[in-house]
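1. Quick one, fold the following:
(chains A and B)
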Amino acid sequence: MRLILVRHGETDWNVAHLLQGASDIPLNDDGRAQARAAAPELAYIAPVTRIVSSDLSRALETAHILADAMGAEVVTDARWRERSYGVWEGLPEDVRKEDHPEDHHRWVNGLEPNVEGYEYNASVRDRALAAIDDLAQTEGTHVVVSHGSTTRVVAGALLGLELGSHGIGNLGNAQWLELTREGSGPWVLRSLNARPLDESSNESSYSSSGTVEP
Amino acid sequence: MTTLVLLRHARTGFNTEGRLQGSLDVPLSEDGIAQAAAVAKRVVGEYGISLAVASSPLQRATGTAVALAALAGTATLVDARFTQRPYGVWEGLTWDEVRASWPFEYARRHEGLDPAIPGWGQSEDVADRVAAGLRDAAADAARTGAPTVVIVSHGSAIMLGLARLLGLPLTPSRLGYLPHGAWNEVRWEGGDDWRLKRYCAGVRSVETA
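-> Have a look, this model is predicted:
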């Protein structure tokens, strides 16, 4: 099985370094351009007939742009949604720090905050792994458009990293990671953020993702 | 925070013929020299010229590194810890020749395990050696303020050193094939906090289609 997990294009909240989570923030024009720029490469390496997408609009619109370039259909699966950040969604970091100093401290030290509505790593992992189990019923290549935290958590789980590990870095906007598995053998990482970084890609969301999503 | 770019050397004649090199010191082919120049431009295009460059002592690595160091206006630091895993008595053979003479050990290798042949560099040893070099390179860069260090090394050496830093199992590998002239990027955040930022970058599949 071959699995390509794509992160949505840029949104205004990405630019502003705000946590989006379950908030349904649309792509901005740069994000649409990123998806269009990525489409030929994806169509070349993974010419699928179906793309699975998170039902949040930033992922869904990215999926449609990619699918149009290869004549694929798009189906949504809410298990590929982003982790909910609960009451932290839409708040700048200094406000999160002021309102929830203890949780913010945990967060910057790589631990999970206990703020209302936050979805823990284990929950994110389990729903994404369940979605992958369903995909595995069909042989071949699967393309999924999802989100930064969800793709990082599930990729780490497939590779055997500790839950919550940052060993596998976040995807940049409209970048992807590729994993393969032969039969019941181990998952193998084939690529991560491998597309060239250029001025049109959101370098800030790529390089400083650690501060946005520790 | 320090960024290490782990770059696999450009092609040699042995690579083209499918012969195992390991510790054999095979130089770049003409094709490989051109590839090294193209890769150097690609790396500088993505990371700029503020680079430190380190390399395995083997010619196929230093030959790749000098092209990059020249563009960046810097020197290449050679570190033997970045050399390739020795393939022992298999060096110089093709995989078909290996399979014909060592079918059982070939099968083990094919499953990603260490074959029991004379002179083979054990995965654990190679991982420790390369990871020690990478940790020192990152610490040196953090001290001197170099933003990015490019380390030119070899397929197995890069894969094993990186797996060690990230805490991934070594055998069978959880990291896939890295083509010649492609690279990975790993960021050191201090202590044991290593984060893989890119894997298998520098491969332009659309343009070569």
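2. Report the mean confidence score over the longest helix that chain B contains.
-> In chain B, taking DSSP state H as the definition, the longest helix is helix B:123-144. Across helix B:123-144, the average pLDDT comes to 97.
3. Is that helix positioned near chain A?
-> No. Using Cβ under 8 Å from any Cβ of the partner chain, we find that helix B:123-144 stays clear of chain A, coming within 13.6 Å at best. (Each C-beta comes from the backbone N, C-alpha and C, glycine too.)
4. chain center to that helix, what's the gap?
-> Counting by Cα atoms, centre = their mean, to the nearest Å, helix B:123-144 is centred 13 Å from the centre of its parent chain.
5. Which neighbours in the sheet does the very next helix or strand once past that helix have, and how are they oriented?
-> Using DSSP states H and E, the helix or strand that directly follows helix B:123-144 along the chain is strand B:148-153. Using DSSP bridges, strand B:148-153 pairs in its sheet with strand B:2-8 (parallel), strand B:51-55 (parallel).
6. Next, the residues that contact the next helix or strand after the last one from outside, please.
-> What it means is strand B:51-55. Going down the chain from strand B:51-55, the next helix or strand is helix B:59-72, by DSSP H and E. Contacts to helix B:59-72, defined as Cβ atoms under 8 Å, 6 or more residues apart in numbering or on different chains, come from residues B:7, B:9-10, B:12, B:21, B:25-28, B:32-33, B:36-37, B:39-41, B:43-44, B:49-51, B:53-56, B:75-76, B:78, B:82-83, B:150, B:152-154, B:181.
7. go again using 7 Å as the cut-off
-> Outside helix B:59-72, the residues that touch it by Cβ atoms under 7 Å, 6 or more residues apart in numbering or on different chains are B:7, B:9-10, B:12, B:25-28, B:33, B:36-37, B:39-41, B:43-44, B:49, B:51, B:53, B:55, B:75-76, B:78, B:150, B:152-154.
8. do the same with stretch B:189-204
-> Against stretch B:189-204 from outside (Cβ under 7 Å, 6+ apart): A:166-169, A:189-194, B:1, B:39, B:42, B:165-166, B:176, B:178-179, B:181-188.
9. Check which residues of it are buried.
-> Across stretch B:189-204, burial judged by 16 or more other Cβ atoms under 10 Å in any protein chain shown covers B:194-203.
10. on that earlier part again, among the contacts of helix B:59-72, name the ones in helices.
-> B:33, B:36-37, B:39-41, B:43-44.
11. Pull the distance from the longest helix anywhere in chain A to the chain's centre.
-> Criterion DSSP H: the longest helix present in chain A is helix A:29-45. Computed by Cα atoms, centre = their mean, the chain-centroid distance of helix A:29-45 equals 15 Å.
12. again, but for stretch B:97-109
-> Centroid separation for stretch B:97-109 versus its chain: 24 Å, with Cα atoms, centre = their mean.
13. Show me the shaky parts of the chain.
-> All of this is about chain A. By pLDDT under 70, the low-scoring segments of chain A are A:198-214.
14. Hmm, no, I was thinking of chain B.
-> Along chain B, the model assigns pLDDT under 70 to residues B:204-209.
15. Much appreciated, bye for now.
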